[in-house]
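# Sequence and predicted model, in that order:
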Amino acid sequence: MIKVTALNEHSFYLNPDLIYRIETIPDTLITLTDGKTIIVKETPDAVVNAIIIYRRKINQPFEQRAKEK
C-alpha cells in the first residue's frame, strides 16, 4: 500500500494494484480499475516513485526485509 494525501489534508493508504491511470488536471487525478477517481496532493511522479518503492519492498527476499526492521 502507498500513502497519499487527499486535498482535505487527510492521508490514506491506496492499493497500487487498483490504479488504472494517473493524470495531472492540474491536481493529480488517480483513476482506479473500477472507474472511481481520487484527487491527491502528491504529484504523479511522487505517486509513481511511491509505487516503485512499495514494489521493491514487497519483492525483496524475506530475510532482507527482516533485517530492515
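Sure, I can see it.
# residues in contact with the spatially most central residue of the chain?
Residue closest to the average C-alpha location in the chain (CA atoms, centre = their mean): I2, at 4.0 Å. Counting by CB atoms under 8 Å, 6 or more residues apart in numbering, I2 touches 13-14, 16, 47, 50-51, 54. The way it works is simple: take the backbone N, C-alpha and C, and place the C-beta from them, glycine included.
# One more pass at 7 Å, please.
Contact analysis of I2 by CB atoms under 7 Å, 6 or more residues apart in numbering lists 13-14, 16, 50-51, 54.
# quick one: which of those residues is nearest to D27?
Here the nearest of those to D27, counting by CB to CB, is L14; it sits at 15.4 Å.
# if we can go back for a sec, ok, for the residue nearest to the centre of the chain, nearest residue in space, not its chain neighbours?
Spatial nearest neighbour of I2, excluding adjacent residues (CB to CB, 6 or more residues apart in numbering): A50 at 4.1 Å.
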